[in-house]
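>>> model this:
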Amino acid sequence: MDQFPKELDREVCNMNKIERKEEEEEEEDEEEEEEDVQDDWDDWNADEEEGEEGFDLNFLCLFCTSKYNDCATLFNHCNSVHNFDFHGIRKALGLDFYGSFKIINYIRSQVAENRCWSCGFLCQSSQDLQNHLHQTLNLNEIKALWNDDKYLKPFSEDDPILYSFAEDEEDDDISPITNNLQRNTDSNCGNCNVDGMNRADPPFHINGSKENEMADCSSTSHGYLNTPSNLEAVIENTVKATETLKLNDKTQEDDQLKITRRNFYSKDIKNVNESYFGSYSSFGIHREMLSDKVRMDAYMQAILQNPSLFHNAAVMDVGCGTGILSLFAAKAGASRVIAVEASEKMAAVATQIAKDNGLLRNRKQTGDCGMSSGTVEVVNGMVEELDKNIEIQPHSVDVLLSEWMGYCLLYESMLSSVLFARDRWLKPGGAILPDTATILVAGFGIGGTSLPFWENVYGFNMSCVGKELVEDAAKGPIVDTVEANDLVTSAAILHTFDLATMHADEVDFTASTELEPNLHNPSSKSENVEVETSWCHGVVLWFETGFTSRFCKESPAVLSTSPYTPKTHWSQTILTFREPIAITSSKSTTNKSATVGSFASPAVKVHLRLSIVRAPEHRSIDISLETTGIASDGRKHHWPVQLFTLR
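Numbers count the residues shown, from 1 in each chain. This next block holds a predicted model:
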């Protein structure tokens, strides 16, 4: 019994010696390891310092060539100089990391093309773009512009801003890649749960088994992160897993987003179309159009005075309304007229009118059902769905007729439907009437505003009301008439469409032109023409459609909505400047210290850059207007861009 305790004591003593020896060896290993780590750190730090000498860590502005050392300073610059509030936009739209990633790449891609990121306006140079940049009026309307997966790919290689913009934000806004990497490296090996990740979160390895997960977690706990090669492997695996997670989630999200977006747009377009076609169910608007002598005379001349074009022709009338153009075509000698009308009520009305005038076509051609075997066949529906309603061979129509024009030519117009019908039903070389459309522009003076009325109301000065109305007018387009004697500049062609050859995407356009003061403007109060100075308060747009000799060989015609011709129900479209521009036709010396466009230094030319594009809201249009005054000595003054939506 005594011997065992002694042996036990010796054994314990030996064990203590072994443990002390192991501890000493561990301490030596730790010291060596610390020295190695310190050496590695010194080497890495030295490499980093060397790298910093050759690597540009500056953050390049999204819009200009300015560079900054951090994101905060860069975004402050973008906000104050370029009207781009990155953090404000993120907050307002609730953009996550990927949404923010996309908008940065989207903006870089647009700036590279000298295009405005918010309104799509294409500038001629980088400097023009800097002058053009403006605050965004409705963020929700333009959010879809960058909501494309192609903007997940960096536009600029190694763009540091893409990986730094979220660094100073809260943990819940951290980049998913950084967040997942942190979760993985902070894992708790005891139960293989990841710090900060609850049990409902997806496993790290999407396709791995639980055994693999345990193995990975176990290997992590045994220190393989201490070696650079393993660290790189973990980062690579983490990024791959994150991308897989993102891809799977993104695929589901995109599919749902596409469905939601498609349903939303379909519903929006359906609602707008129902409202649009429903408005044409009112007889009042048809009376207004039928009473428009300019409109009716142009179409009567084009149809009735070109018999060779319509003799035995198959004619399609897109958007027939009461069917008046179809009746003209039948009278001109057409063998068949397909009158397409989306409004159910007006299709019924057009059918009755054709029947009452003995021109309704009997589809069965039996002649024994009380219907005349005429030429006009009314079809209720949109032209895009014509196949569902009648049997008609593609490219079997000789003449395509339509009165599709809207305010400012393109507002609420059916041009896209007409072009669809042209491509689907018109024969090669067939006629489209009208076959040209031109938008024109001119500057108007104070007579085109409400200011003169309010300056003297029964002997009292109420000009404060007029000034407020002019300020309001500068915020949106006005459909009204402008008298010819209120124009203070020459007229200029802005854009011309050739309906026989144009593509549907050519409806959107940007054009530049120059307006010169109208020397013989009768509204000028100056008696000396040579020193005449007028004030241009804005520009007025109108259109002309041509029934040219290309198809109307016997009697070409023109439908004009110009201020110089009799009024039409289209009126004109008025775009009011925020401040009037002084203009003159005099070549005398001006005050070079004064701003171009002021009374002391009036402009001799007004340069316009104007875009008209289809708005996100179906059948509406967005108008962008840039104005530059040019003095006689060549000096220029640019005014901020103005945005108008005609809805």
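>>> any idea how this protein splits into domains?
The chain breaks down by the TED database into domains covering 59-163, 284-362+373-403, 437-521+530-646.
>>> will you turn those into JSON lines that also has distance to Gly429?
All C-beta spots, glycine's among them, are computed from the backbone N, C-alpha and C. Output for the domains of the chain, formatted as JSON lines (distance: least, CB to CB, whole Å):
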{"stretch": "domain 59-163", "distance to Gly429": "34"}
{"stretch": "domain 284-362+373-403", "distance to Gly429": "9"}
{"stretch": "domain 437-521+530-646", "distance to Gly429": "9"}
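>>> looking at those domains, which is closest to Ala431?
The closest of the domains of the chain to Ala431 is domain 437-521+530-646. By CB to CB, the value is 3.8 Å.
>>> Do me a favour and average the pLDDT over the closest one.
Throughout domain 437-521+530-646, pLDDT has a mean value of 92.
>>> Can you give me the first-to-last residue distance of that domain?
19 Å (CA to CA, to the nearest Å).
>>> what's the answer for stretch 150-160, then?
19 Å.
>>> Run through who's touching it.
Outside stretch 150-160, the residues within contact range by CB atoms under 8 Å, 6 or more residues apart in numbering are 57, 59-60, 98, 101-106, 108-109, 112, 162.
>>> For that stretch, list every residue counted as buried.
Buried residues in stretch 150-160, defined by neighbour count with 16 or more other CB atoms under 10 Å: Tyr151, Phe155, Asp159, Pro160.
>>> Just the terminal-to-terminal distance for stretch 128-140.
OK, stretch 128-140 end separation, CA to CA: 26 Å.
>>> any idea how far Glu391 is from Ile338?
Glu391 is 11 Å from Ile338, where distance means CB to CB, to the nearest Å.
>>> Now the phi/psi pair for Ile439, please.
Dihedral angles of Ile439 (phi, psi; degrees, to the nearest 10) stand at phi -100, psi 130.
>>> Correct me if wrong: it contacts Leu541.
Yes - using CB atoms under 8 Å, Ile439 is in contact with Leu541, at 6.1 Å.
>>> quick one on the thing from earlier: more crowded one of Glu391 and Ile338?
Between Glu391 and Ile338, Ile338 has the larger neighbour count (other CB atoms under 10 Å), namely 28 against 7.
>>> Apart from its chain neighbours, what residue comes closest to the more buried one?
The shortest distance from Ile338 to any non-neighbouring residue, by CB to CB, 6 or more residues apart in numbering, is to Met316 (4.8 Å).
>>> wait, doesn't the one you found sit right on Asp398?
No - shown here, Met316 and Asp398 do not form a contact pair, counting by CB under 8 Å, at 9.0 Å.
>>> what's the pLDDT at the residue nearest to Ile338?
98.
>>> which residues does it form a beta bridge with?
Going by DSSP bridges, Met316 is paired in beta bridges with Ile338, Leu400.
>>> Let me see the contact set for it.
Contacts of Met316 (CB under 8 Å, 6+ apart): Val337, Ile338, Val340, Val383, Val397, Val399, Leu400, Leu401, Ala421, Trp425, Leu426.
>>> quick revisit: tell me the least confident of the contacts of stretch 150-160?
Leu57 (53).
>>> Which residues does stretch 404-422 contact?
So stretch 404-422 is in contact with 276, 316, 318-319, 340, 382-384, 386, 397, 400, 402, 432, 437, 439, 477, 479, 499-500, 502-504, 507, 541, 543, 545, 570-571, 573, 612, 614, 619-621, 623, 646, going by CB under 8 Å, 6+ apart.
>>> in the stretch 301-450 of the chain, which ranges drop under the pLDDT threshold?
363-373 (pLDDT under 70).
>>> which residue ranges form the helices in it?
307-310, 324-331, 344-356, 415-425 (DSSP state H, counting those that start in this stretch).
>>> Out of these, which is the most enclosed?
helix 324-331 (a mean of 24; mean count of other CB atoms under 10 Å).
>>> burial measure for the nearest residue to Phe547 once chain neighbours are set aside, as a count.
Excluding its sequence neighbours, the residue lying closest to Phe547 (CB to CB, 6+ apart) is Ala302, at 3.7 Å. Residues lying near Ala302 (other CB under 10 Å) number 31.
>>> again with Glu468
12.
>>> Which pLDDT value goes with Asn198?
So Asn198 comes in at 37 (pLDDT).
>>> Please apply the same query to Tyr68.
Tyr68 is given a pLDDT of 85.
>>> how about the helices of the stretch 51-200 of the chain, start to end?
71-82, 86-93, 97-112, 126-132, 139-142, 176-185.
>>> would JSON lines of those helices with distance to Val378 and mean neighbour count be doable?
Putting the helices of the stretch 51-200 of the chain into JSON lines (distance: least, CB to CB, whole Å; neighbours: other CB atoms under 10 Å) gives the following:
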{"stretch": "helix 71-82", "distance to Val378": "55", "mean neighbour count": "17"}
{"stretch": "helix 86-93", "distance to Val378": "47", "mean neighbour count": "16"}
{"stretch": "helix 97-112", "distance to Val378": "47", "mean neighbour count": "20"}
{"stretch": "helix 126-132", "distance to Val378": "49", "mean neighbour count": "16"}
{"stretch": "helix 139-142", "distance to Val378": "38", "mean neighbour count": "14"}
{"stretch": "helix 176-185", "distance to Val378": "58", "mean neighbour count": "17"}
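>>> Could you dump these into JSON lines and include distance to Val457?
Shown next, in JSON lines, are the helices of the stretch 51-200 of the chain (distance: least, CB to CB, whole Å):
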{"stretch": "helix 71-82", "distance to Val457": "44"}
{"stretch": "helix 86-93", "distance to Val457": "43"}
{"stretch": "helix 97-112", "distance to Val457": "49"}
{"stretch": "helix 126-132", "distance to Val457": "40"}
{"stretch": "helix 139-142", "distance to Val457": "39"}
{"stretch": "helix 176-185", "distance to Val457": "65"}
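>>> closest to Arg361 out of these?
For the helices of the stretch 51-200 of the chain, proximity to Arg361 was assessed by CB to CB; helix 139-142 is nearest, at 45.1 Å.
>>> so what does that closest one touch, helix or strand wise?
helix 86-93 (3 or more CB pairs under 8 Å, 6 or more residues apart in numbering; DSSP states H and E).
>>> could you give the angle of the helix it packs on to helix 71-82?
Angle, helix 86-93 to helix 71-82, by axes from the mean of the first three to the mean of the last three CA atoms, to 10 degrees: 90 degrees.
>>> Just the C-alpha atoms of helix 86-93, please, in PDB.
The C-alpha coordinates for helix 86-93 follow below in PDB (Å, rounded to 0.1, in the frame of the first residue of the first chain):
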ATOM      1  CA  PHE A  86     -26.600  59.400 -53.400                       C
ATOM      2  CA  HIS A  87     -27.600  58.700 -49.800                       C
ATOM      3  CA  GLY A  88     -30.900  60.600 -50.200                       C
ATOM      4  CA  ILE A  89     -31.800  58.600 -53.200                       C
ATOM      5  CA  ARG A  90     -30.900  55.300 -51.500                       C
ATOM      6  CA  LYS A  91     -33.100  56.200 -48.500                       C
ATOM      7  CA  ALA A  92     -36.000  57.600 -50.600                       C
ATOM      8  CA  LEU A  93     -36.100  54.500 -52.900                       C
END
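>>> contact partners of that helix?
Against helix 86-93 from outside (CB under 8 Å, 6+ apart): Phe75, Cys78, Asn79, Leu95, Gly99, Ser100, Ile103, Thr136, Leu139, Asn140, Lys143, Phe165.
>>> hang on, the earlier thing: do you know which of the helices of the stretch 51-200 of the chain lies nearest Met296?
Short answer: helix 139-142, nearest of the helices of the stretch 51-200 of the chain by CB to CB, at 38.0 Å.
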